[in-house]
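# after the sequence you'll find the predicted model.
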Amino acid sequence: MAQFQEVLKQSALHPKPAGLVLQYGTSGFRTNAKQLDHIMFRMGLLATLRSKKTKATIGVMVTASHNPEEDNGVKLIDPMGEMVTQDWEEHATQLANADQEDLLTALKNIIEKEAINMSQEANVFVGKDTRSSSASLSQAVLDGVSALGGHSKDYGLVTTPQLHYMVCCQNTQGKYGEATVEGYYTKFCQAFIQLTKNTSNRTDDQKHLCLDGANGIGALKVREMESHLKKELQISLNNDGSKGRLNHQCGADYVKVQQKPPTGIKINPGERCCSFDGDADRIVYYYTDSEGTFHLLDGDKMATLISTFLKELLTQAGLDLKIAVVQTAYANGSSTHYLENTMKVLVRCTKTGVKHLHHVAQEFDVGVYFEANGHGTVLFSKAAEEKIQQLAEDTNVNDKRKKAALLLRNTINVINQTVGDAISDMLLIEAILAIKGMTIQQWDTIYTDLPNRQLKVKVADRRVIDTTDAERRAVTPAGLQEAIDNLVKKYRQARSFVRPSGTEDVVRVYAEADTQESADALAHEVSLAVYRLAGGVGDEPKPLH
Ligand code: NG1
Ligand code: ZN
């Protein structure tokens with residue numbers, strides 16, 4: 001077929017380096033940008049096939065999120081704006097790793113396996129972050145789409161969640177919103193303004209928020225959005241990309257892992273601050289107190305604030321809807337304890353990676369999911385949305401129920417349900433704080449985090465570590481879990497687990513305990529166990545203190 005001849009011709013312009021093997025990881029392919037040209041071309045091909053198969057628009061986002069500037073990556077977006085299904089991740093890995101001369105065979109295998117009708121039209125939306133490599137890499141995606149005769153729309157510079165939003169809008173014929181960046185700002189900012197409309201006496205101080213844009217795409221987009229907020233949220237934007245390097249000593253991942261404020265930003269005591277990551281799908285909040293101590297409010301604190309707010313509104317509205325919070329093993333033990341025992345909210349734990357959280361959240365009427373690192377959102381079932389809508393329109397209900405229903409309706413509209421979204425999460429948190437008349441300090445005292453530490457260990461092959469029980473226990477290598485269990489017993493309120501990263505060539509170690517010293521010591525000892533039992537390379541891990 002002529003189509004395949006074109007693929008062959010075009011693929012020669014995007015050759016695969018011999019011997020290179022890459023996996024579709026926690027969220028797509030991610031590595032040094034120099035190794036990715038052929039991957040991008042092939043993901044253009046794959047997105048076209050996925051579009052033909054689903055008879056819907058598919059998204060391809062070129063970004064490496066919180067990774068350093070020199071890396072890049074690609075994520076595929078399914079018709080409703082969610083991450084691509086797992087069986088297609090396998091197709092992605094197959095296609096990405098096929099040798100140049102086997103590419104057509106790999107492509108035909110997928111077509112056959114999925115029984116794809118090649119005469120079906122295909123539509124692919126493409127977006128990219130601000131990395132210098134993103135321009136040519138997104139062109140490679142577009143080349144892949146056109147080689148298979150697909151139509152594409154290049155959104156250029158957008159945040160990852162904006163592209164998810166566009167895909168969902170397109171495939172719902174505009175029901176979710178208009179598939180433009182303007183449509184995105186209008187939808188979310190209008191909902192924010194509605195939510196904060198009746199919060200009396202908000203001072204300019206309370207409307208003020210200090211934002212670290214990680215020198216990335218989020219900063220650009222917040223700037224574009226500002227006029228839509230009509231001064232109801234006054235953002236002072238730092239790390240806007242005009243000087244510093246992307247994600248370098250700034251951004252949500254740096255702040256969360258280092259547990260300190262980003263550089264290049266002056267914070268006044270008590271001031272409410274937040275950081276986005278490099279593609280604006282994660283956000284964390286923080287402040288420093290009058291003694292200069294840093295306080296982090298991460299994904300767990302956001303999940304708690306949001307679920308408490310929603311639970312209260314559901315009760316006031318008299319709606320019997322099942323709400324749950326979905327977390328991963330990285331969730332602070334205190335947050336889980338508070339949610340289960342004080343809030344009496346159902347908590348579920350899944351494997352790392354938002355696709356896992358998203359799927360579990362879909363099982364509930366209202367599913368609040370957050371990774372501790374600040375990636376998360378809220379999902380409302382169709383039935384829940386309909387009940388809320390009906391109540392908001394019902395003329396026979398009392399004022400209290402009506403008010404709660406209206407707030408719930410606007411809350412749904414301020415949330416990007418397709419994926420965790422730093423901009424939408426920021427608007428939601430700001431609205432909740434305004435409605436509750438709550439300061440960041442008050443929010444912080446809802447529960448106290450257990451001191452914790454995250455470390456990385458380099459090993460020859462991280463796949464030697466296999467885990468179970470939502471990654472909380474290591475099954476292999478032999479003896480590792482026993483070693484961890486014995487170390488954990490030495491400390492109070494302690495917990496630790498290890499897992500291979502899906503985005504970096506490292507093993508991640510997490511530990512928490514009653515004091516920071518204990519958490520640090522435990523994390524170090526577990527790192528040593530990993531190094532010794534799982535084939536550590538380079539120098540042995542050194543104690544933190
Ligand atoms: P890995 O590298 O698999 O731990 C990291 C994050 C995930 C997720 C992905 C995708 C941690 C501990 N891990 O995955 O939660 O966000 O990146 O960006 O934060
Ligand atoms: Zn990200």
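That came in fine, so what should we check first? Predicted model, so just to flag it, every value in this text is computed and none were measured. Ligands and ions are numbered 1, 2, ... in the order given.

# any stretches of the protein with poor pLDDT?
Counting by pLDDT under 70, the low-confidence segments of the chain come to 1.

# near ligand 2, which residues of it are found?
The chain comes close to ligand 2 at residues Ser65, Asp277, Asp279, Asp281, as judged by CB under 5 Å from the ion. In short, each C-beta sits where N, CA and C put it, glycine included.

# tabulate those (CSV), appending neighbour count and secondary structure.
Below are the residues of the chain next to ligand 2 laid out as CSV (neighbours: other CB atoms under 10 Å; DSSP: H, G, I helix; E, B strand; the rest coil):
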residue, neighbour count, secondary structure
Ser65, 28, coil
Asp277, 34, coil
Asp279, 33, coil
Asp281, 33, coil
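
# Asn396 - that's part of a helix, no?
No. With DSSP: H, G, I helix; E, B strand; the rest coil as the criterion, Asn396 is assigned coil and is not in a helix.

# and it, how far from ligand 1?
Distance, Asn396 to ligand 1, using CB to the nearest ligand atom, to the nearest Å: 45 Å.

# so how far is Phe309 from that residue?
26 Å (CB to CB, to the nearest Å).

# swap in Asn67?
Going from Asn67 to Phe309 by CB to CB gives 33 Å.

# now swap in Asp444 and tell me
As for Asp444, its distance to Phe309 is 16 Å (criterion: CB to CB).

# quick check: which element contains Val126?
Assigned by DSSP states H and E, Val126 belongs to strand 123-128.

# can you list the residues of this protein near ligand 1?
Within the chain, the positions adjacent to ligand 1 are 26-27, 65, 330, 352-353, 371, 373, 375, 501-504, 508 by CB under 6 Å from any ligand atom.

# sorry, back to before: name every strand pairing with the strand holding Val126 and say which way it goes.
Next to strand 123-128 in the sheet, as set by DSSP bridges, lie strand 58-62 (parallel), strand 151-157 (parallel).

# now the element after that strand, going C-ward?
Using DSSP H and E, the helix or strand that directly follows strand 123-128 along the chain is helix 134-147.

# give the buried residues for that following helix.
Of all the residues in helix 134-147, those buried under the rule 16 or more other CB atoms under 10 Å are Ser134, Leu137, Ser138, Gln139, Ala140, Val141, Leu142, Asp143, Gly144, Val145, Ser146, Ala147.

# by how many degrees do it and strand 58-62 diverge?
Interaxial angle of helix 134-147 relative to strand 58-62 (axes from the mean of the first three to the mean of the last three CA atoms, to 10 degrees): 150 degrees.

# starting at the chain centroid, how far to helix 134-147?
In terms of CA atoms, centre = their mean, to the nearest Å, the centre of helix 134-147 is set 24 Å apart from its chain centre.

# that helix - contacts with which helices or strands?
helix 2-11, helix 37-54, strand 58-62, strand 71-77, strand 123-128, strand 151-157 (3 or more CB pairs under 8 Å, 6 or more residues apart in numbering; DSSP states H and E).

# quick one, what contacts the residue in the chain positioned nearest to ligand 2?
Proximity of the chain to ligand 2 (CB to the ion) peaks at Ser65, 3.1 Å away. For Ser65, the contact set (CB atoms under 8 Å, 6 or more residues apart in numbering) comprises Ser27, Arg30, Gly73, Thr160, Asp277, Gly278, Asp279, Asp281, Arg282, Thr503.

# all helices of the stretch 151-300 of the chain, in order?
Applying DSSP state H, counting those that start in this stretch to the stretch 151-300 of the chain gives helices spanning 160-171, 181-196, 204-207, 217-225, 252-258, 299-317.

# contacting residues around the third one?
Right, helix 204-207. Lys231, Glu232, Leu233, Gln234, Leu433, Ala434.

# any buried residues in the one helix or strand the last one maps to, and which?
Secondary structure assignment for Ala434, by DSSP H and E: helix 422-436. Along helix 422-436, the positions that meet the burial threshold by neighbour count (16+ other CB under 10 Å) are 422-435.

# looking at the residues you listed, spot the one nearest ligand 1.
Ranked by distance to ligand 1 (CB to the nearest ligand atom), the buried residues of helix 422-436 are led by Ala422 at 12.4 Å.
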